[in-house]
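Chemist: model this:
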Amino acid sequence: MSVTTDGPLQFTFQLTPEVTIVTNVFGTARNSAGVQIMGGTVPLWSGSMTQGAPKVVVDTEITFGTTTIKQGATFTLTIPTQMQNGQVIFSGEVASGGNPFQKTTVQVAQWPLNSSV
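Modeler: Sure thing, here's the model as predicted:
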């Protein structure tokens, strides 16, 4: 996972060799996030989460190269507090490289409450 800290925080997570998840975290309290599923440089799907609506569901099946993400996958935002870091979790069924679908749950972003703006 890589992170950029100027302005919004940006995290890039390599889900498969062909597909990455890019997360942008916004707000002075770091309580909003946007996610994009990318195939190389091609955006395949995007969604956003806020403190009031912390979960977003992938509403379509996504296929890029040999990677498929089943419809119904989710991203869940946990906002940072003094007691815990903020994070975004991806959970869904993913098939890649000719392998069968596997339930996948991974942390695609993590940041502290006092992360630089």
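Chemist: What's the first helix or strand after the least confident helix or strand in the chain by mean pLDDT?
Modeler: The helix or strand of the chain with the lowest confidence, counting by mean pLDDT, DSSP states H and E, is strand 2-4 at a mean of 50. Toward the C-terminus, strand 2-4 is succeeded by strand 9-14 as the next helix or strand (DSSP states H and E).
Chemist: Does G97 touch T16 like I think?
Modeler: Yes. When contacts are counted by Cβ atoms under 8 Å, G97 is listed as touching T16 (7.4 Å). For every residue, glycine as well, the C-beta is placed using N, CA and C.
Chemist: Tell me which of those two has more neighbours.
Modeler: Higher neighbour count among G97 and T16: T16, with 19 against 10, using other Cβ atoms under 10 Å.
Chemist: Could I get the contacting residues of that one?
Modeler: With contact set as Cβ atoms under 8 Å, 6 or more residues apart in numbering, T16 has these partners: T67, V94, S96, G97.
Chemist: any idea which element it lies in?
Modeler: T16 belongs to no helix or strand when elements are defined using DSSP H and E.
Chemist: list the residues that contact both of G97 and T16?
Modeler: What both G97 and T16 touch, as defined by Cβ under 8 Å, 6+ apart, is the set T67.
Chemist: Let me see the ranges of the strands in this protein.
Modeler: 2-4, 9-14, 19-26, 32-39, 42-50, 55-57, 62-64, 67-69, 74-78, 86-95, 102-111 (DSSP state E).
Chemist: With respect to these, which exhibits the lowest mean confidence?
Modeler: In terms of mean pLDDT, the lowest-scoring of the strands of the chain is strand 2-4 (a mean of 50).
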